[in-house]
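Visitor: Fold the stuff below for me.
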Amino acid sequence: SHSATRACEKARPSTRPSPPRPSLPSRTAVSSCGCVSTSTLPSRYRTWKRSASAAPAATPPPSPPPLSCSDLAGRAEVDKCGTGADISDCASFYAVKDAAEGKYHLCYKEEGEDRCSKEKVICASLPTIAPTNAPTVAPTIVPTACFPEGLSIDFDGAGYSNDINNLGGYRGPGVTLNKENNVCKGKLDWGVEPPLGGCPCGCGCVCSDLPPAPPGSPQQLLFSQVAKQYDGTQSEPVRVLDLILTNETEYTPWSSMSNGRQGNSFGEVSVAAGTDTRFKFAFADSDDPEKVPVEVPHSFDFCFFDIDTGVDGVLSESIEACGILDYFHHGGGEDGVPEGHALSYYLCDNIKGDEYLEVTTPSAGCKLVTALREGIGSDNPVTWPDVLAGPSGGFTCEDYDLCPSNGVSGYARGPSNAVVDIKTCATDGSEGAGLFPQSSVNVTARLRGEPMRYTMPKFVCFTYPAGLSSFELTYHVGPNPGAPPYYGRNFFFSGAYIVAADASCTASER
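Guide: Got it, this is the predicted structure:
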């Protein structure tokens with residue numbers, strides 16, 4: 001695939017006057033409340049707390065008196081004030097921002113708000129463990145189980161053998177036809193038109209050992225058993241769903257050999273240069289042979305990765321989604337980094353996206369996301385640790401702005417080294433200079449030691465309302481003038497569900 005550095009538009013939350021500073025004594029600290037299950041992500045993501053976000057303030061509040069960690073006693077700890085603290089009793093809770101630096105958030109009730117707000121305090125000492133007078137067990141009101149609720153979308157799981165890979169009638173890899181054994185054998189020569197009816201696997205190449213789809217095969221890309229519904233009462237899903245992708249307008253792939261499951265986290269579809277295609281994503285019960293669309297009773301997020309351009313801005317990608325409630329990415333969205341979403345805890349508000357993606361509103365309820373920056377195929381993410389901060393990747397949000405030891409981040413890459421994105425910290429600053437750790441076993445091997453900015457800022461998520469059985473979006477790939485014809489790009493996608501905050505669940509149950 002061929003991809004570039006994507007850019008997310010960042011919209012900062014509006015500032016507001018600083019609240020009165022609440023006091024800390026006479027409260028009880030616990031490990032965590034606020035149940036936000038993240039079973040759509042790898043299990044290694046489930047307990048990490050993000051520590052890079054900072055709440056903007058219009059006017060600095062008066063300096064608080066020196067506090068020690070013992071002053072935190074009496075409040076119950078939550079993961080975030082906005083999602084874990086009880087709105088009827090905000091002043092009984094606090095959240096840990098960075099225990100190693102003694103930074104905490106005091107929760108408080110602000111008039112007119114429907115969730116608790118936060119105020120930062122800094123302890124006089126820098127504890128490395130929880131306050132000594134914090135209880136060693138959670139209060140007795142904490143239940144013994146915290147079950148997921150919502151829609152989970154996960155491409156790494158069962159069902160692969162039942163996938164159908166025939167989008168638009170272009171055969172793609174399946175159980176016996178995989179991307180490794182069926183590769184492109186030569187591109188069409190310059191000026192050569194594709195054969196009548198299109199090429200067997202797209203107009204970019206001729207594929208090896210790929211027979212036509214059997215007669216009567218549905219022209220769709222069906223991902224079997226990738227979606228699951230949870231009702232919050234048990235650990236097992238109440239329903240397992242297929243995700244069915246069809247083209248609503250004319251579709252031409254660059255190479256249908258790229259269609260299907262990418263790595264172990266994403267779906268992937270190839271689109272030829274200079275084309276627009278409207279795709280429909282529908283949910284159907286995995287046990288239903290007729291595949292009748294079924295409504296999903298939960299809101300959910302659907303995300304797109306690697307939105308970028310080719311060299312000098314050619315082959316620019318854009319995605320238009322309508323009927324959505326909101327959008328977000330690293331750095332936020334219209335209302336800042338969202339809370340209560342499965343991905344909220346792994347987003348970094350210090351990653352600035354407006355240099356990578358342009359987000360506009362072509363009409364009410366619609367968002368158009370357009371790539372602004374170049375990239376190459378080796379930038380492509382394969383799994384969640386390639387795009388989200390967390391311990392499984394071995395880095396935090398702060399590491400994104402950490403200058404490498406040699407003072408230089410990035411290099412010229414791509415065809416003829418034409419894609420140049422190099423930061424010299426002494427002159428350019430360290431913002432966005434961080435590298436993926438060489439030691440990480442979960443970050444894709446080819447990305448280790450590469451700048452995080454080549455991959456992380458290049459995705460966007462759309463939030464869809466409850467009650468949908470399907471949704472549509474339009475994907476556009478710009479032209480590629482002056483280059484061999486019938487080029488194209490691939491787009492990657494996955495999803496994550498939303499769960500209602502539940503202050504009775506502990507962090508160990510995430």
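
Visitor: Show the contacting residues for the closest residue to P481 other than its chain neighbours.
Guide: Spatial nearest neighbour of P481, excluding adjacent residues (CB to CB, 6 or more residues apart in numbering): V314 at 6.7 Å. All C-beta spots, glycine's among them, are computed from the backbone N, C-alpha and C. V314 makes contact with 478-481, 483, according to CB atoms under 8 Å, 6 or more residues apart in numbering.

Visitor: Throw these into a markdown table and include secondary structure, neighbour count and pLDDT, thanks.
Guide: Shown next, in a markdown table, are the contacts of V314 (DSSP: H, G, I helix; E, B strand; the rest coil; neighbours: other CB atoms under 10 Å; pLDDT from 0 to 100):
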| residue | secondary structure | neighbour count | pLDDT |
| --- | --- | --- | --- |
| G478 | coil | 19 | 94 |
| P479 | coil | 14 | 90 |
| N480 | coil | 20 | 85 |
| P481 | coil | 10 | 84 |
| A483 | coil | 15 | 65 |
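
Visitor: Save those as CSV, and put in distance to A76 too.
Guide: Supplementary listing: the contacts of V314 in CSV, determined by distance: CB to CB, whole Å:
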residue, distance to A76
G478, 53
P479, 58
N480, 57
P481, 61
A483, 60
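
Visitor: so which of these comes closest to C116?
Guide: G478 (45.3 Å; CB to CB).

Visitor: what about the nearest residue to that closest one once chain neighbours are set aside, how many residues close to it?
Guide: Closest residue in space to G478, ignoring its immediate chain neighbours: S316 at 4.1 Å, by CB to CB, 6+ apart. Neighbours of S316 under the rule other CB atoms under 10 Å: 20.

Visitor: distance of S316 from T309?
Guide: Going from S316 to T309 by CB to CB, to the nearest Å gives 4 Å.

Visitor: shared neighbours of these two, anything?
Guide: Residues touching both S316 and T309 (CB under 8 Å, 6+ apart) are 371, 478.

Visitor: okay, A500: pLDDT?
Guide: On pLDDT, A500 comes in at 47.

Visitor: typed the wrong thing, it's C461
Guide: On the pLDDT scale, C461 is placed at 94.

Visitor: For the stretch 401-510 of the chain, give me the ranges with low pLDDT.
Guide: The stretch 401-510 of the chain contains residues with pLDDT under 70 at 483-486, 497-510.

Visitor: which residues in it form strands?
Guide: 408-409, 412-413, 419-420, 423-424, 460-464, 470-477, 488-497 (DSSP state E, counting those that start in this stretch).

Visitor: Of those strands, which stretch is the most buried?
Guide: Mean neighbours per residue, mean count of other CB atoms under 10 Å, is largest over the strands of the stretch 401-510 of the chain for strand 488-497, with a mean of 25.

Visitor: Now do it and strand 470-477, the angle between them.
Guide: 150 degrees (axes from the mean of the first three to the mean of the last three CA atoms, to 10 degrees).

Visitor: Give me the helices and strands touching strand 488-497, please.
Guide: strand 149-153, strand 266-272, strand 300-305, strand 317-322, strand 470-477 (3 or more CB pairs under 8 Å, 6 or more residues apart in numbering; DSSP states H and E).

Visitor: Tell me which of these sits nearest to N380.
Guide: The closest of the helices and strands packed on strand 488-497 to N380 is strand 300-305. By CB to CB, the value is 8.0 Å.

Visitor: Partner strands of the closest one, with direction?
Guide: Here strand 300-305 is paired, per DSSP bridges, with strand 460-464 (antiparallel), strand 488-497 (antiparallel).

Visitor: which outside residues touch that strand?
Guide: Among residues not part of strand 300-305, those counted as contacts by CB under 8 Å, 6+ apart are 6, 150-151, 153, 266, 281, 319, 328, 341-343, 369, 380-381, 387, 458-464, 471, 491-498.

Visitor: mean confidence for it?
Guide: The model assigns strand 300-305 a mean pLDDT of 94.

Visitor: cool, stretch 228-240 as well?
Guide: Stretch 228-240 shows a mean pLDDT of 91.

Visitor: again with stretch 389-400
Guide: 88.

Visitor: For that stretch, buried residues please.
Guide: For stretch 389-400, burial by neighbour count (16 or more other CB atoms under 10 Å) applies to 389-390, 392-397, 399-400.

Visitor: swap in stretch 257-264?
Guide: Buried residues in stretch 257-264, counted by 16+ other CB under 10 Å: 257-263.

Visitor: do stretch 150-170 as well
Guide: 150-155, 159-160, 163-170.

Visitor: Low-confidence ranges, the stretch 201-350 of the chain, go.
Guide: 201-212.

Visitor: can you map out the strands along it?
Guide: Under DSSP E, counting those that start in this stretch, the stretch 201-350 of the chain gives strands at 221-231, 239-247, 260-262, 266-272, 275-285, 300-305, 317-322, 326-329, 332-333.

Visitor: Of those, which is nearest I122?
Guide: Comparing the strands of the stretch 201-350 of the chain by CB to CB, strand 332-333 comes nearest, at 24.2 Å.

Visitor: CA-only coordinates of stretch 213-221 in PDB, if you can.
Guide: What follows is stretch 213-221, C-alpha atoms only, in PDB (Å, rounded to 0.1, in the frame of the first residue of the first chain):
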ATOM      1  CA  ALA A 213     -15.000 -15.700  -8.200                       C
ATOM      2  CA  PRO A 214     -17.500 -18.600  -8.400                       C
ATOM      3  CA  PRO A 215     -20.700 -17.700 -10.400                       C
ATOM      4  CA  GLY A 216     -23.300 -16.100  -8.200                       C
ATOM      5  CA  SER A 217     -20.800 -14.900  -5.600                       C
ATOM      6  CA  PRO A 218     -22.100 -11.800  -3.900                       C
ATOM      7  CA  GLN A 219     -20.200  -8.600  -4.800                       C
ATOM      8  CA  GLN A 220     -19.200  -7.700  -1.300                       C
ATOM      9  CA  LEU A 221     -16.500  -7.700   1.300                       C
END
